[in-house]
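*Asks:* using only what follows, build the 3D model:
(2 chains)
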Amino acid sequence: MNQLDQKYDKKSFERILNNEDFQTDVVYKGISFWKDVNLRFRQNKGAVVGIIFILIIAFFAFLGPSMTTHTYRSKVDDHINLPARIQGIEKLGIFNGESNGINVYEVRGLDDVYYWFGTDTLGRDLWTRVWVGTRVSLYIAFLAVIIDMFIGMGYGLVSGYIGGRLDTFMQRIIEVLSGIPNLVIVTLFVIVLNPGIISISLALVITGWIGMSRVVRSQVLKLKELDFILASKTLGAKTSTLLVVDLLPNIFGQVIIMSMFSIPSAIFYESFLAFIGLGLQPPLASLGVLINDGYKSILVYPHIIVSPIIVLAILMVSFNLVADGMRDALDPKMKQQ
Amino acid sequence: MLRYIGKRLLISIVTMFVILSLLFLLLEFMPGSPFNDEKLNEQQKELLYEKYGLNKPIHERFFIYTTNILKGDFGVSYTIEKNAPVSRMLETRMPISIRLGLQALVFGSLIGVVLASIAAVYKNSKWDTMTTIFAVIGISIPSYVFALGLSYFLGYKLTLAGYPIFPMTYNLYRPIQSSILPTVALSMFVIATVARFMRTELVEVLGSDYIMLAEAKGLTAKKVIFRHSIRNALIPVVTVLGPLTVGLMTGSLVIERIFGIPGIGDLLVTAISVNDFNVVIAISFFYSLFYIIMALFIDVIYGVIDPRIRVDKGGE
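*Replies:* Next comes the predicted model:
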C-alpha cells in the first residue's frame, strides 16, 4: 500500500516522444540471397582453400605444358627415368635430381637439363604430361556439371511438373536404371566403343544425372503446390515461364550443390578407368594413365608416380571441400552440426 | 509392408531382365570376335561359330542365353582359359572377392562408428576436427591411391629381417596376412563414409529430447551414449550400405589388380581387355544381382528396424 501512496514529482520525468533518436527506424541495407551465400562461403576456410587450389591447378593445366619445350608425347632417348630437378630449389637439397644418393643428371652429363617433375621410362617430360592429363580431369568435371544441369534437371522438372502417368512412367525408368550398377554400364560402354574419352563421356551421360533428377523432382513436387505458382498461373503465365522463371530459381541452390558433388565422382571414374587400362590409351595422358605408368615402375623409379598422385589427390580433396562449402553456404539447414 | 516388398521385388526383377538384355545386346554389337587367332581360316572360324552356337538368329540366342544363365550356366571362356566353364572359374574366385569385401565392410564400419562416436561426443574438440579431415580425405582420394601407398610403404619398404611383413602381392598360402593391406585400402572409403554420416546422426540424436530425458533420469553417461544414442544413430547408417557396396565393387577391380588377388574384379578387367565376353557377362550379372539384392535388402531391413519408415512407405 505504501508504494501507491508514494508521490511522484512530475518534473523529474521527461517526455521523449519528440526526441529524434526514439522515432527513427533503423533500416539495414538488405543483403541479397547470393551475397549472403557468398559471405557464408567465404567464412568456410576449407572451401576457400579448395577454390584456391582448383584455380592454381587449372592455371597450370592450361599454361603448364607451354612452359616447357616438350609436348606430352615427345621423347628424348637419353633422358629416360630422370628424377625431378628444379632451377634454384636444387641448391636447398631437394628437387636436385638425386635418386638413392646419386645425382642422375651429373652422372649422365646433363648439366643444363631441368625436368621439374622428372621424366618417365620413355623419356617424356612428366611436367607436361601431368598438366595435359589434368586437362582431361577438368574436362570430365565440366562435363559432369553440364550433364547434371541439363539432363538431370530437365528430366526432374518435366517428371515433377507434368506429373500423372508420365511421372510414374519416368520414375519407373529411373528405378530400373538406378538398379544397374554404374560399374556395369561403364564396362559395357568401354567394351562396345573402344576405350577412350568418348566412351567415358557417354557412360557418364547415361549414369550421371539420376541423383540430380530425383532431387529436382521432389523439389518441384513440393513447390508446385505453393501459392505463388497458383498466382503466376492465374496471371496467365505459360508453362515454360512457370518452369524457368518461377520454379528454377527456387531449386537452383539444390542443383548447384548436387552438381558440385558429382564432379569428384566423375573425376574418380575417369582416373579409375584409365588406371585399369580401360580409359584413355597411351600415349594420351590423363592422371589415371600416368599413375598406371608410374605404378609399373614404382619399385625402381618411384618418382614417376608421385606427381600425378599428388595432383589428383589435391584436385579431389579440393572439389570435395568446395562442394561441402557450397552446400553449407547455399542451404544452411543442411549444414552438418 | 508386404505390398511394398512385393512392389520392390517386381521392380528388381524387371531391372534384372533389363540388365540381362542390355548385356546381351551390347555384347552382341561389340566389335571384335572371340576367335581372332590369325592361324584360323574362314572355314575354321565358321566351325567354331557353329560349335558355340554363335550363328543362330539373335532372338533364339537370347532365349538360350537367358535360360542358361538362370540355370547357372554361363558358357565357356573363349580366351582366358580356353573351354573352361565360366561358372567353374568363378567358383574359385568368388569366395576370395566376397571375403575381401566383407572384411573391408566390417572393419571399415567398426572403425567408422568408433571414430564418429568419439567425434560426436567430444564435438568441436581436436578429435572431432581430425575425424572430419580424415573423412574428407577418405572420401576424396581413390582407394587405388591408398592401395599403391600401402603396398609401397608397408608391403615393400617395411621388412622384418629381410622378409616383408605384409606381402605385396597375394600369397595363397598366407591368405590372412596377404589380405590385411587390401582390406585396409578398401575400407578407407567405408570408414570415411560411415564416420561422416554417423557423426551427423549422432550429433542430432545427442541433442534430442529423449536423450535429455535419459540424462534427467540420472542414467550414467556411459549408458546414455552406448544404449540410447549410438543405437539410435546406427539405424540410418543402414542406408549408406548401398553406396558402400558400389564403392567396394568398384574398388575391388583395382585393389585386386594391384595386390594380385585372384578374385572376380581382376578377372573382369582381364576379360574386358581380351574380349572374353562370356566372362564379362557372367561377372556383370553377378555384380548387378548382388547390387539389386543389396538395395532390396536395405530397403526392407530399414523398414523392419525403424517403424517410423514403415508408416511412410506404407502410405506410398
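*Asks:* what about the closest residue to A:Leu242 other than its chain neighbours, which SS state?
*Replies:* Among residues not flanking A:Leu242 along the chain, A:Ser232 sits closest, at 5.9 Å (Cβ to Cβ, 6 or more residues apart in numbering or on different chains). All C-beta atoms are positioned from the backbone trio N, CA, C, and that covers glycine. When classified by DSSP: H, G, I helix; E, B strand; the rest coil, A:Ser232 comes out as helix.
*Asks:* distance of A:Ser232 from chain B?
*Replies:* 29 Å (Cβ to the nearest Cβ, to the nearest Å).
*Asks:* give me the low-pLDDT residue ranges for the chain?
*Replies:* Answering for chain A, as no chain was given. A:1-6, A:16-26, A:81, A:86-101, A:104, A:109-111, A:332-337 (pLDDT under 70).
*Asks:* I was thinking of chain B, sorry if that wasn't clear
*Replies:* B:26-27, B:29-38, B:160-165, B:167-168, B:171-172, B:307-316.
*Asks:* before we move on, the earlier item: which residues are in contact with the residue nearest to A:Leu242?
*Replies:* Listed by Cβ atoms under 8 Å, 6 or more residues apart in numbering or on different chains, the contact set of A:Ser232 reads A:Thr241, A:Leu242, A:Val245, A:Asp246.
*Asks:* just give the closest residue to the first one, not the sequence neighbours.
*Replies:* What that stands for is A:Thr241. Leaving aside its chain neighbours, A:Thr241 sits nearest to A:Ser232 (7.5 Å; criterion: Cβ to Cβ, 6+ apart).
*Asks:* same thing with the last one?
*Replies:* Ranked by Cβ to Cβ, 6+ apart and with sequence neighbours excluded, the top spatial neighbour of A:Asp246 is A:Ser232, at 5.2 Å.
*Asks:* what's the helix or strand for the residue in chain B positioned nearest to chain A?
*Replies:* Proximity of chain B to chain A (Cβ to the nearest Cβ) peaks at B:Thr15, 3.5 Å away. Using DSSP states H and E, B:Thr15 sits in helix B:2-28.
*Asks:* right, and the helix or strand after that helix?
*Replies:* helix B:42-51.
*Asks:* elements contacting the helix or strand that that following helix is followed by?
*Replies:* Toward the C-terminal end, the helix or strand that comes next after helix B:42-51 (DSSP H and E) is helix B:58-70. Applying 3 or more Cβ pairs under 8 Å, 6 or more residues apart in numbering or on different chains; DSSP states H and E, one finds that helix B:58-70 contacts helix B:2-28, helix B:277-305.
*Asks:* right, and the helix or strand after helix B:58-70?
*Replies:* helix B:86-121.
*Asks:* list the buried residues for that following helix?
*Replies:* B:86, B:89-90, B:93-94, B:96-97, B:100-101, B:103-105, B:107-109, B:111-121 (16 or more other Cβ atoms under 10 Å in any protein chain shown).
*Asks:* cool, stretch B:40-57 as well?
*Replies:* B:Leu48.
*Asks:* before we move on, the earlier item: pull the contacting residues for the residue of chain B closest to chain A.
*Replies:* A:Glu175, A:Val176, A:Gly179, A:Ile180, B:Ser288, B:Ile292.
*Asks:* which bits of the stretch 51-200 of chain B sit near chain A?
*Replies:* Counting by Cβ under 8 Å from any Cβ of the partner chain, the stretch 51-200 of chain B comes close to chain A at B:123, B:136-137, B:139-142, B:144-145, B:148, B:152, B:156, B:199-200.
*Asks:* at 10 Å instead, please
*Replies:* Within the stretch 51-200 of chain B, the positions near chain A by Cβ under 10 Å from any Cβ of the partner chain are B:120, B:123-124, B:132-133, B:135-137, B:139-145, B:147-149, B:151-152, B:156-157, B:168, B:196-197, B:199-200.
*Asks:* any idea how far B:Asp276 is from A:Phe150?
*Replies:* 37 Å (Cβ to Cβ, to the nearest Å).
*Asks:* give me the more crowded residue out of those two.
*Replies:* B:Asp276 (24 against 13; other Cβ atoms under 10 Å in any protein chain shown).
*Asks:* over to that one: give its phi and psi.
*Replies:* phi -90, psi 80 (degrees, to the nearest 10).
*Asks:* I'd say it and B:Val269 touch.
*Replies:* No - counting by Cβ atoms under 10 Å, B:Val269 is not a contact partner of B:Asp276; they are 11.1 Å apart.
*Asks:* re earlier: and the contacts of B:Thr15, which is closest to B:Leu40?
*Replies:* B:Leu40 lies nearest to B:Ser288 out of the contacts of B:Thr15, by Cβ to Cβ, at 33.2 Å.
*Asks:* can you tell me the closest non-neighbouring residue to the closest one?
*Replies:* B:Ile19 (4.7 Å).
*Asks:* which other helices and strands contact the helix or strand that contains A:Tyr105?
*Replies:* For A:Tyr105, the element it lies in under DSSP H and E is helix A:104-107. Counting contacts by 3 or more Cβ pairs under 10 Å, 6 or more residues apart in numbering or on different chains; DSSP states H and E, helix A:104-107 is packed against strand A:98-99.
*Asks:* excluding chain neighbours, what is closest to the closest residue to chain B within chain A?
*Replies:* Nearest to chain B, among the residues of chain A, is A:Gly179, at 3.5 Å (Cβ to the nearest Cβ). Spatially, and ignoring its direct neighbours in sequence, A:Gly179 is nearest to B:Thr15 (3.5 Å; Cβ to Cβ, 6+ apart).
*Asks:* related to what we said a few turns ago, shouldn't the residue of chain A closest to chain B be in contact with B:Leu9?
*Replies:* No - the criterion here is Cβ under 10 Å, and A:Gly179 misses it with B:Leu9 at 12.0 Å.
*Asks:* so between those two, which is more surrounded?
*Replies:* Under the criterion of other Cβ under 10 Å, the comparison of A:Gly179 against B:Leu9 puts A:Gly179 first, with 19 against 12.
*Asks:* counting neighbours, what do you get for residue 265?
*Replies:* Reading this off chain A. 18.
*Asks:* that's the other chain; I wanted chain B
*Replies:* Neighbours around B:Gly265, by other Cβ under 10 Å: 27.
*Asks:* what about it, which helix or strand?
*Replies:* Per DSSP H and E: helix B:264-273 holds B:Gly265.
*Asks:* what segments of chain A are strands?
*Replies:* Assigned by DSSP state E, chain A shows strands spanning A:98-99, A:102-103.
*Asks:* partners of the last one, with directions?
*Replies:* In this case it means strand A:102-103. Looking at strand A:102-103 with DSSP bridges, its partner strands are strand A:98-99 (antiparallel).
*Asks:* just the ones of the contacts of A:Ser232 in helices?
*Replies:* A:Thr241 (DSSP state H).
*Asks:* neighbour-wise, which of the contacts of A:Ser232 leads?
*Replies:* Counting by other Cβ under 10 Å, top hit in the contacts of A:Ser232: A:Asp246 with 18 neighbours.
*Asks:* test my guess that that one contacts A:Leu157.
*Replies:* No - between A:Asp246 and A:Leu157 there is no contact under Cβ under 10 Å: 11.5 Å.
*Asks:* what comes up buried for stretch A:28-44?
*Replies:* Buried residues in stretch A:28-44 (16+ other Cβ under 10 Å): A:Val37, A:Arg40, A:Phe41, A:Asn44.
*Asks:* got the residues of the stretch 201-337 of chain A near chain B?
*Replies:* Near chain B, when you scan the stretch 201-337 of chain A using Cβ under 10 Å from any Cβ, you find A:264-265, A:267-269, A:271-273, A:275-278, A:288, A:291-292, A:294-295, A:298-299, A:302, A:305, A:308-310, A:312-321, A:323-324, A:334-337.
*Asks:* can I get the buried part of the residues you listed as one PyMOL selection?
*Replies:* With 16+ other Cβ under 10 Å as the criterion, this PyMOL line picks the buried residues out of these:
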select buried, chain A and resi 264+265+267+268+269+271+272+273+275+276+277+278+288+291+292+294+295+298+305+308+309+312+313+314+315+316+317+318+319+320+321+323+324
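*Asks:* right, I'll call it a day here.
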